[in-house]
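Asks: Sequence plus the predicted model coming up.
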Amino acid sequence: MPPVRRGRTRETNEGSSSQLNTMDNVANLRQQCAEKGLPTNGRRNVLIARLQQHAAANVNLPSTSSESRPVIPETQPALTESQLAQIQGIVSRIVEQSLAEIATNVSSHVELVASRSKYSNRCG
């Protein structure tokens, strides 16, 4: 009598089939990771965890589609040319005044240092 087969072939085929499904799932997971700009290496559970973390991190982010972006109407410039010229004039005057004050302070300081130097030379 020939030996009795106990369904091993079926189990092996089923095992190959489930392995193929797992590989298909891993390939699908890797593709999803690649689409999201995530690393594609690792085992199935690593890929799943990576995708879950990415999904959790991006749950509350606003959509970047053009439909969800508010339309900002074009407006007039905040200042007219004459206003800009006026502001530039004011800033120029302030800068000139500040430079004049700095020059005065520097010359006063130089005179003070020079007088102290003369005094210390006389006393020394």
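Replies: Cool, the structure landed. Keep in mind that this is a model prediction, so the values were computed, not measured.
Asks: Quick check: which helices or strands does the longest helix along the chain pack against?
Replies: Longest helix in the chain, counting residues (DSSP state H): helix 81-123. Helices and strands touching helix 81-123, as assessed by 3 or more C-beta pairs under 8 Å, 6 or more residues apart in numbering; DSSP states H and E, are absent. Quick note: C-beta positions are derived from backbone N, CA and C, even for glycine.
Asks: State the mean pLDDT of that helix.
Replies: The average pLDDT for helix 81-123 rounds to 88.
Asks: same check, this time on stretch 47-64
Replies: 80.
Asks: Now that stretch: buried residues?
Replies: Across stretch 47-64, burial judged by 16 or more other C-beta atoms under 10 Å covers 47-48, 50.
Asks: How about residues contacting that stretch?
Replies: The contact list for stretch 47-64 (C-beta atoms under 8 Å, 6 or more residues apart in numbering) reads 26, 29-30, 32-33, 36, 38-40, 42, 68.
Asks: Now render the residues you listed as TSV, adding distance to A57.
Replies: Compiled in TSV, these are given as follows (distance: C-beta to C-beta, whole Å):
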residue	distance to A57
V26	22
L29	17
R30	19
Q32	15
C33	14
K36	10
L38	11
P39	15
T40	18
G42	18
S68	19
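Asks: Which of those fall in helices?
Replies: Per DSSP H, the contacts of stretch 47-64 map to helices at 26, 29-30, 32-33.
Asks: In JSON lines, list those along with neighbour count and distance to Q86.
Replies: Putting those into JSON lines (neighbours: other C-beta atoms under 10 Å; distance: C-beta to C-beta, whole Å) gives the following:
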{"residue": "V26", "neighbour count": "16", "distance to Q86": "68"}
{"residue": "L29", "neighbour count": "21", "distance to Q86": "63"}
{"residue": "R30", "neighbour count": "17", "distance to Q86": "63"}
{"residue": "Q32", "neighbour count": "16", "distance to Q86": "59"}
{"residue": "C33", "neighbour count": "20", "distance to Q86": "58"}
